[in-house]
Every structure is written in C-alpha cells, then in structure tokens.
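Chemist: Here is my input; please provide its structure:
(chains A and B)
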2 protein chains.
Amino acid sequence: MAPSFVINGGDFAAAIGKTSSGGRASSVYSEVQTSRIDYALPLPSVLTGPFKIVDGPASSAAGNPDGIASLFPNLFGQPSTMLMPTDGEHALDSGRKLKIGVVLSGGQAPGGHNVISGIFDYLQAHAKGSTVYGFRGGPAGIMKCKYVELTPDYIRPYRNQGGFDMICSGRDKIETPEQFKQAEETAVKLDLDGLVVIGGDDSNTNACLLAENFRSKNLKARVIGCPKTIDGDLKCKEVPTSFGFDTACKIYAEMIGNVMIDARSTGKYYHFVRLMGRAASHITLECALQTHPNITIIGEEVQQLIAELNEILAHDVVDEAGLWKKKLAEQSLQLFEFLPQAIQEQLMLERDPHGNVQVAKIETEKMLIQMVETELEKRKLEGSYKGQFKGQSHFFGYEGRCGLPTNFDSMYCYALGYAAAVLLHSGKTGLISSVGNLGAPVSEWTVGGTALTSLMDVERRHGKNKPVIKKAMVELEGAPFKKFASMREEWALKNRYISPGPIQFMGPGSDDVNHTLLLELGLVAA
Amino acid sequence: MAPSFVINGGDFAAAIGKTSSGGRASSVYSEVQTSRIDYALPLPSVLTGPFKIVDGPASSAAGNPDGIASLFPNLFGQPSTMLMPTDGEHALDSGRKLKIGVVLSGGQAPGGHNVISGIFDYLQAHAKGSTVYGFRGGPAGIMKCKYVELTPDYIRPYRNQGGFDMICSGRDKIETPEQFKQAEETAVKLDLDGLVVIGGDDSNTNACLLAENFRSKNLKARVIGCPKTIDGDLKCKEVPTSFGFDTACKIYAEMIGNVMIDARSTGKYYHFVRLMGRAASHITLECALQTHPNITIIGEEVQQLIAELNEILAHDVVDEAGLWKKKLAEQSLQLFEFLPQAIQEQLMLERDPHGNVQVAKIETEKMLIQMVETELEKRKLEGSYKGQFKGQSHFFGYEGRCGLPTNFDSMYCYALGYAAAVLLHSGKTGLISSVGNLGAPVSEWTVGGTALTSLMDVERRHGKNKPVIKKAMVELEGAPFKKFASMREEWALKNRYISPGPIQFMGPGSDDVNHTLLLELGLVAA
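Modeler: Numbering: from 1, shown residues only, chains lettered A, B, ... in the order given. Purely as a prediction, here's the structure:
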C-alpha cells in the first residue's frame, strides 16, 4: 500500500467527537520556525522617527466617479496620504489609547501574521495601553463579535510564520443591512476606534463600504484595508504589490525548478505544471521569469488572441494559405504559431452558440497532455513521429499559500501593519495601507494610505450598481510580460532552465525581490 | 484558461526536429545555485592526512552463503575494509595514474553529482594525471562505450547541484553474456583501472557481478558501488543511509508542513498526501517524524496486520464482540483500531481466491478520500454526523528527486565519492563505499568499503538463482518506528503539526540530519 497522510487543522478532533487543543502555544516548532520568530524586522526609517502626515489632493475614482460618489457620499474624493519625516514634534498623540480590531479575510497568504504584529507593535510603541482585538474566522467574527484580545505572548509564536491561524480567516462578506447592523453593534460594544481589514480586492471594497457605513452612522470606528493575495492581482501605482505573492511564487518556482532538473536528467517525461490562481496569471508569469520553462501559457494573452480570432472569424475569410493570420497582432500571431495544431484547430472551429471560443475552468495540464498524445498518435500513423511521449502532470497550489514568508514578505507585511495602525491613530478611514519604493532598502520605503474609493469603478451586478476594485490582470504591454515575450523563443528550444532552489532566510538570495515587482518598478531592464 | 507550463529536459527540441544545446555550460543559474557551487565541502579527517587501509576478517553473506559463494567464486569471503589514520607514510602510490569510469544508475537522487566530484577531486589530489570517464545515460553508456572525459571545467557547474544531468542516468542492466562482453570491451578499450557504479540495491548487485566478471577474466578493472536511493531502503550497519534520502524527505516535509499550516488556518479541507516510494516506507516515516500528521500509514505495518489477519481468518472465528482481536499483536491492534471502519471491513472481507487481502498499487490518497466520503454519507443518513467533509489530495514525488542537495547530502556524497576513489586506488573491488559515524561532525566520519557479497542473499527468480541485496524495510522494532508509534496517538487528535520550512543552506537548521538516521544511530532518544 502506498504511504499516505491525513491532515486537517481544526476539526479533525471535533469531527470524531473530541476537542482539539488548538493554537500554537501547544505547538512544537522546527528549528527554522523557531529561528524565524526572532528574525529582526527593520522598519522604513519614516516610521522610526518623528513624522507628519501629509494629505494629497482630492481624489477621484478609477472609473465612473459619479457612480462611486453616490455609493460613497461621505468618503468619495478624500485625499490619499503620505508620511513624511519631520524635525519637529511627532504628529500623533502618544497619550491616546486606541481600541483596534483586525480581521483576516479570504484565502491565506504568507505574511498575514506579520501585518497583525505590525499593528500591535506600533500601538505598543506609540499608543501604550491600547487594545487589539483579533476577530476570529474572518468577517463572520465581526458580525458575531467573536474575538480574542491579543497579547505579546499570544502573538509571539506567530511572528514571521506562515498561515492565518492566529485568528483564522473566512470568506463571509458584510453585505446586507442586517450584517452591517451586526458590525455596528460589535464596533459599539467593543468601543472600537478602528478596524483593519486584511484581504483582497473584494475584501478591501467591503472595508470601504464599512468605513462609509460607520462614518454615515457617526460611529467613531475607522476602517483601513491591507492588500493581501498570492494572486498578485490587487495592485496599483500606490500599492505596488499584494503580500504573499512573493513567497507563493518562490515556493512554486522551487518545485518547478526541481522538476526541470529532473527532466534534464532523464528526458523521460514531459512535465506539465498548473499553478494556483484564478483569472490573473501573475503567478505563472513570475514563475516563468524565475525558471524559464519551454512553454508558458499566460491566460491574458490567450484571451487577447481569442478576442482577435472572434473578430476575424466574424468578418473575414479564413483562407488555407493562412493570409488571414496577417490580421492578428504580432504578439497574438506569435502565440498562435506556438500552440499545437490541435489547440489551434479548437480555437478556430469549436464555438459556442454565440460564436465565442469555449474556455472552461478545466485541468489544463491534463488536457494538454491528452491533446499532445492524440496529436503524436496521429503523427505516428503518418510516419512523421517516431519518439516516445510520456506526460507527467503537476498541480502546485496549497503548498504555496502557507509557507514561511520570505524576508521580503515578512518585512513588507510588518510595514503594512505598522502603517495601518498609524493611519488609524491619525483618524484616517477608507484608506488602504500603502508601502512603496519597494526596490530600495527597507529604510527608504515610503509609507502612506491610498483612498480606496480612488481605486474603484462601478459594475452592474444582479441589477444593482456595485463598487469594485478592478483586478489587475497581466498587462501585455507591461514590463514583466514584455521581458518574458522577449525570451520565450530561446527558452522553448534551448532549455534555459533555472532552479531557484528553496527559499533562503540567510545568505545568498535571501533578500531577493520577485522579478515582477522589479520589472514593474523599472529596476531591472525589461 | 488555467496557467500551465511544459517542461522537458533533453528531447523537447529534438522531438520537434531541432537540436538542443544541452549541458549546464549554457545554463543560467539562480543566486542560490551559484552560491552552492562554491560551498566548501569538509572531508572526514582520515581522508585529509596519511592513512592505511585495514582489512577486516573474512566475510560471509546476509543469507545462503553457499549460494552466494557459488555465484561469486572469486569475490565471496573477501574482507570489508577501513581507512585508519597513520603517522607513517601514505598507503597509496601517488605516482600512479588511474583511468576510472563512473556511471549513474536508476532514478535521480540529490547528491549524485557530488559523488562524481569526490572521485575526481581525490584523483586530482592523490593520483595526478588520472582520467575520469563519465558513462552517459546509465549502464547503457558502458555497454555502448558512450562517455565524456571529465575535466575541472566540465564538473564545476554541477558541484552541490541536484539532478543527474552531468552524465545522465538510465535503468538498463548489464545481465546477459553479450552485455557483459560489451562491458569488458569498454573496459579494455578505455584501459580502465576501475569503475564506480552509483545506484540502488539492484545496481550495486550488478556492480558486484561486474566485479566478479572482470576478476574472472583477469581484467585489471575493479568495481566499487555507491549507495544511492531517495527511498532509503539500501542500508545496513556499515552503510547507515543511502544518499538523497535526506534531501528528498526535507523537500516533502516542507510541502507537508505548508499544507498543515494551511489546514490549521481554515479547517476547510482534510488533506491526504501520498509520497513517492515503492515498497519501503522510510520516506513516509521520516516525513511523519518531521511534521506530525494526524494519521500516517506505514506500509510495513499494514503488511504485518494483514499477515496476522490472514492467520486469524484462516483458523479462528471472527466473533461480533471482537474477542478475536485479542489475537492481534499490540501494534497491529492499535493500527486496526485506528483505521476507518470501511477499511477495517475491506481488510476483513475482501479477499482474493487465495484468501489474501488484495493490495494494489493505487492512488491511496484518492481512495482514502472516497472511502471517508462514503462512510460519512452513511453516518449522515443515520444522523450521527452533521459536518462537512472536503478531502484534498496531494502527491509529492518528482519535486523531491532533483532538489539542491542538503548540506548533509552534499558532504556525505562527496565523502562517498572520495572513498570510492581511494578503494579503487588501493586495488579493491566488489566493495560498496561506506562512510559511517554520520551523527558526529564530518571530521570524525569513518571511511571504508564493505564487501558487497556480505550484503547478499539468494532469490529464485524465473527458475534461476539470483543474488540480491535485500531491501531494508521499515523495522517495526526499530527506533524510528517506535518513536513514531509512541507519539502518533497524541498527533492524531492534538494537531501537533511541525512545519520544517524550506531547506536552509546557512544558519539555523542547515546542518540538521534526518530523524531516521539519528534514531537508528541511537543519537536521539527513541
């Protein structure tokens, strides 16, 4: 019998009628975990001396400003803000004690615990006697007023550790009038001065709605968001990356690099790898830049090709000589020529009743193996292929969401948490914690808050106007994609594999920042 | 479309009719890979000063000595040997130039490149002007005389790197008279003084047959084996572990630890993990000791339980009250009670025509999920279960075979290679390179060679007597299993998860040795 494990966090014991002890106080730690607890986290220098808070100009919205203004009458137009070092007095009253809640929303991303310890440490240092409530199990914890009061001892074992288990996460949203009412009741009951919502695009939209709601009810509680998601699709000029992306990509890239060396050693298998992620392909693009696979499929590019094909098929004649291909943009043509013939044919022929290509959420890696098998079988019969093809599929997903955060994610999250506490301390609301200049040494990182309404657009959903922070997709004109596109032809045939190796916490490679961020910041040549 | 990669080492380019450049000279390296090239490898102190070679007493065989004696008339009974430091002259003539071949046999294991660099560096240091031939693609490279002459520049990019791609591996065996003839021709053509076979149990048996054959034909070529396999099933008193096991287990344990933290953060999924490996469960046991999962299935224990059940079912009445269970050994009873009822029933009821339990090589992790689903569905109907069960399956395999070797595997392999070259230099043949005292600092490691015939038994295969080195299975009375058995009840309900984190090459945890080895050496309490 092949060896196996069963693992479940919370309710394995509960499921069989026993209670689990829970929490990390009862945990045994590995040597690496233990060493990470005491890893000294540097702060941006603006956070270590006296600073003033400088508001920018009035803000607008990413799209449909009138719509956003009507959805956020109290918050729309408020300025984003920056912390600036000053020679004078510290801007904030260190005598004031705050009561702050914090909640983790949605899927895990490495570094979440550090955001919380950043909030906690700021308040310990600058608003002594403050209280931090950790809402348990995501936004449901706010609605049900389920929380734990955080203490230095409670937080300590989670410092620089992966996972969200300090207070756990959940996927509930605060949406209905009843749910907003429950959140208000919790804010009043705990006498909250503020709430930090750590989450992705939807959760930060929700945070802003909560800020608007609290403000409209004249509650004193303010709300600040923090950008979290391994997918890397919550970013903009002021928020250069979401936390967790760096660690997750490095874990996947380690595994991909290992499989590449395996492939190089025997040539027996063709490895097909799928990675976790929804619509955006930032993870795949980053892992490709780290490892140089033979072929990489970037969903956004496929979408672009499909859009162009739809146009051509609707209006032009597809001639056998292939002259129609000249109507494709250069990048789309490059991709089309790259694809196996079977996929090319599927893109040209198989349409839904509306004439659109049918793209389902399927196990791409297994589909591709099958398509290649079919194609090679055909070529064998034709006598044009004599080789042996063995496909091996891989899916790397859950193992990347909860790894020990890299040095970068550890420091970035700590600064994000520190900044969120500063923003609450200064009475700000409806902002997302913003740490920038990330290609520079930590001491030079910038710190501020960005008006969440300025990131929003309006979408019509179920007959209602809904505010949304638009997901940042891979830009085909962006530096990371262009870098990839300029190299992939060489990678395809010349096996330029790179094996990044395991994430290091000390020594060479330990302070490296991911390619996507460096390219987007213009810090490496595209 | 979900993002995907395609990766293939050698023949992706060839398959589409282009040639690949191949070799690592054309590779780009990650920062961690580069830093590993110059990692300074310490040697056991006996290898750094003058030593003498001390033979032990005449050896016998692990079983059926008469059978082994008749299969190895020239080698049977030869002593194992140890290197001992001496104040006098160095034992070996440094003026003598050697021509040595080396071959990688079977599946990849991290550290193989270091065995080769160990052989090379010894000869550079102590037999200047020697030549090392790397046979390409495994034993087939010997038979076809396909080789590359190794140089410092050729070897350099592979130092402390994973994979077998320096000369690649293969699974062919030298078995038929014609094949032995081909190997002889290569040995004569290249004027070989010796050959190092890096492989598992079968490959080392093959190495010994080759040594016997060369000796019987009065060829000067000697043959030395090296213990390789991530499965960890090639070991004995003199060879405490096979290389690659340490690295592979640490890579799998990193992933398992991450999944555990994920489980702890939401409790949404029950994770079922299967690991690479054949019959022996050393990898699973080691990973369990590193990570503490709720349930671990050790194949050897299941085999023991099945053997006992077979006896009971054949001779006793299985009463409903369960009195029959008293006939089970304590450990087997403990396991039986641990298993879900559905598996218990399958073990009791589903038998093949000979009355034996049917154990197939199946995707255990998916089977278990299905069985649990079925059982919980039943309980839901009965009203005894109200929860939600979501199983998530994982298979960790290929990503462990070619990782960057740990510091331990890097040093161990280098010493194994160095030792193999010493043994050839001193004219030994039919030995397996043996480095011991591995719990001590490297300087105190012992170095020698063990007579391969002393590890052998005879098996009847296809009507013929075949020599075999018996696979070392997990011993249910051994220290690693006993340690596990003493802790698993607590792990089951109390979620004592440990997350080992990524392999570190510097700082805390970087020089740790795996639990299995430390427990077997008696260096930690069982």
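
Chemist: contacting residues for the residue of the stretch 301-450 of chain A at minimum distance from chain B?
Modeler: Of all residues in the stretch 301-450 of chain A, A:Cys402 sits closest to chain B, at 3.9 Å by CB to the nearest CB. In this view, the C-beta of every residue, glycine as well, is placed from N, C-alpha and C. Applying CB atoms under 8 Å, 6 or more residues apart in numbering or on different chains to A:Cys402 gives the contacts A:108, A:110, A:162-164, B:258-259, B:261-262, B:265.

Chemist: Residue numbers of the stretch 301-450 of chain A in contact with chain B?
Modeler: Residues of the stretch 301-450 of chain A lying near chain B by CB under 8 Å from any CB of the partner chain: A:302, A:359, A:361-365, A:368, A:385, A:387, A:389, A:392, A:394, A:398-404.

Chemist: Which of the residues you listed are buried, as a PyMOL select command?
Modeler: Entered in PyMOL, the line below selects the buried ones among those, by 16 or more other CB atoms under 10 Å in any protein chain shown:
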select buried, chain A and resi 302+364+365+368+385+389+392+394+398+399+400+401+402+403+404
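
Chemist: Inside helices: which ones of the residues of the stretch 301-450 of chain A next to chain B?
Modeler: A:302, A:364-365, A:368, A:398-401 (DSSP state H).

Chemist: and those as TSV, adding pLDDT and distance to B:Leu92?
Modeler: Listed next are these as TSV, based on pLDDT from 0 to 100; distance: CB to CB, whole Å:
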residue	pLDDT	distance to B:Leu92
A:Val302	85	63
A:Thr364	76	58
A:Glu365	81	53
A:Leu368	82	55
A:Tyr398	92	54
A:Glu399	94	48
A:Gly400	95	51
A:Arg401	94	55
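
Chemist: okay, the residues you listed in CSV with distance to B:Met82 next?
Modeler: Formatted as CSV, those follow (distance: CB to CB, whole Å):
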residue, distance to B:Met82
A:Val302, 63
A:Thr364, 56
A:Glu365, 51
A:Leu368, 54
A:Tyr398, 48
A:Glu399, 43
A:Gly400, 47
A:Arg401, 50
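
Chemist: Nearest to B:Ala479 among those residues?
Modeler: A:Glu399 (29.6 Å; CB to CB).

Chemist: isn't the closest one right up against B:Val259?
Modeler: Yes: in this structure, A:Glu399 is within contact of B:Val259 by CB atoms under 8 Å, at 5.8 Å.

Chemist: intersection of neighbour lists for these two?
Modeler: In contact with both A:Glu399 and B:Val259: B:His394, using CB under 8 Å, 6+ apart.

Chemist: what about the longest helix in chain A?
Modeler: helix A:245-266.

Chemist: distance between the ends of stretch A:38-52?
Modeler: 30 Å (CA to CA, to the nearest Å).

Chemist: In that stretch, which residues are buried?
Modeler: Here stretch A:38-52 shows A:39, A:41, A:43-44, A:46-47, A:51-52 as buried, counting by 16+ other CB under 10 Å.

Chemist: which pair in those spans the largest distance?
Modeler: The farthest-apart pair in the buried residues of stretch A:38-52, when distances are taken by CB to CB, is A:Tyr39 and A:Lys52, at 30.4 Å.

Chemist: Let me know the pLDDT of the closest residue in space to A:Ile167 that isn't next to it in sequence.
Modeler: Distances taken as CB to CB, 6 or more residues apart in numbering or on different chains place A:Gly134 nearest to A:Ile167, at 3.7 Å, with adjacent residues excluded. If you check A:Gly134, the pLDDT there is 98.
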